[in-house]
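Chemist: What follows is a predicted protein model with its sequence.
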Amino acid sequence: MVKKLRFSLRALFSILLALVVTACSASGTSGLNSFQSPDGRYAFLYPNGWTRVAVEGGPAVVFHDLINSDETLSLVVSKVENSVLLEGLGSPETVGERLVKEVIAPEGAGRDVELLDAKERDASGHTFYDLEYSVHLEDRDRHEIATLVIDRGYLYTLATSTNQQRWPKVKDLFNRVIESFTFLI
């Protein structure tokens with residue numbers, strides 16, 4: 001009787017474990033790997049098959065797809081005054097338009113950029129601005145989404161970009177990447 005009970009409990013545990021593993025693999029993180037900053041401050045997910053590349057004098061973190069090398073993920077970290085809040089910079093639309101004019105497509109950059117969407121999102125005690133852009137270059141069109149958040153005197157901008165033709169295929173994946181950005185400490 002005890003052996004049957006142990007066997008039944010083991011079988012039940014195995015079934016539960018299989019269900020948990022299946023549920024986790026079907027969750028929003030399937031097809032994604034985890035990246036954590038060396039200091040343990042922040043983390044985010046990035047697509048499987050992407051590799052990290054070093055960019056001297058550029059973003060703090062850059063990944064790109066090995067197959068579609070023009071698909072990128074970058075994190076820019078900028079120092080701001082400790083008293084600065086994201087909401088203090090303006091609405092998501094105002095901040096999105098300001099980024100267009102000052103960073104993405106300043107006068108003479110040869111880019112025509114349209115802010116397609118700008119929304120505010122709260123997650124884990126932080127306010128995020130999620131922005132979506134269409135970028136028209138002389139020889140191609142691109143699509144970019146980004147999230148901005150301020151924490152402890154730093155502005156974090158996590159952005160993903162691809163060519164316009166691939167956008168419908170990677171849209172959901174890129175949104176999961178952007179929404180995965182989190183602070184650990």
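Modeler: Yep, it's here. Residues are numbered from 1 along each chain as shown.
Chemist: what sits opposite residue 73 in the beta ladder?
Modeler: Judged by DSSP bridges, the bridge partners of residue 73 are residue 63, residue 160.
Chemist: For residue 107, grab phi and psi.
Modeler: Here the main-chain torsion angles of residue 107 (degrees, to the nearest 10) amount to phi -50, psi 130.
Chemist: That one - how many residues pack around it?
Modeler: Residues contacting residue 107 under the criterion other CB atoms under 10 Å number 5. All C-beta spots, glycine's among them, are computed from the backbone N, C-alpha and C.
Chemist: distance of it from residue 101?
Modeler: 8 Å (CB to CB, to the nearest Å).
Chemist: just for this protein, where's the confidence low?
Modeler: The model of the chain has pLDDT under 70 over residues 1-28.
Chemist: Could I get the full set of strands for it?
Modeler: 32-36, 42-47, 50-52, 61-65, 72-79, 112-123, 126-136, 141-151, 154-163, 182-183 (DSSP state E).
Chemist: I'd like these as a markdown table, with mean neighbour count and distance to residue 175 appended.
Modeler: Shown next, in a markdown table, are the strands of the chain (neighbours: other CB atoms under 10 Å; distance: least, CB to CB, whole Å):
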| stretch | mean neighbour count | distance to residue 175 |
| --- | --- | --- |
| strand 32-36 | 14 | 12 |
| strand 42-47 | 20 | 11 |
| strand 50-52 | 14 | 16 |
| strand 61-65 | 19 | 16 |
| strand 72-79 | 17 | 12 |
| strand 112-123 | 14 | 11 |
| strand 126-136 | 20 | 8 |
| strand 141-151 | 20 | 7 |
| strand 154-163 | 20 | 9 |
| strand 182-183 | 16 | 15 |
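Chemist: Residue 90: which of these is closest?
Modeler: Nearest to residue 90, of all the strands of the chain, is strand 126-136, at 9.3 Å by CB to CB.
Chemist: strands paired with the closest one, and their directions?
Modeler: strand 112-123 (antiparallel), strand 141-151 (antiparallel).
Chemist: Can you check what angle separates the shortest one from strand 42-47?
Modeler: What it means is strand 141-151. Interaxial angle, strand 141-151 versus strand 42-47 (axes from the mean of the first three to the mean of the last three CA atoms, to 10 degrees): 160 degrees.
Chemist: doesn't residue 131 make contact with residue 113?
Modeler: No: the criterion here is CB atoms under 8 Å, and residue 113 misses it with residue 131 at 10.7 Å.
Chemist: who are the neighbours in contact with residue 182?
Modeler: Each residue near residue 182 by CB atoms under 8 Å, 6 or more residues apart in numbering is listed here: 42, 43, 44, 123, 124.
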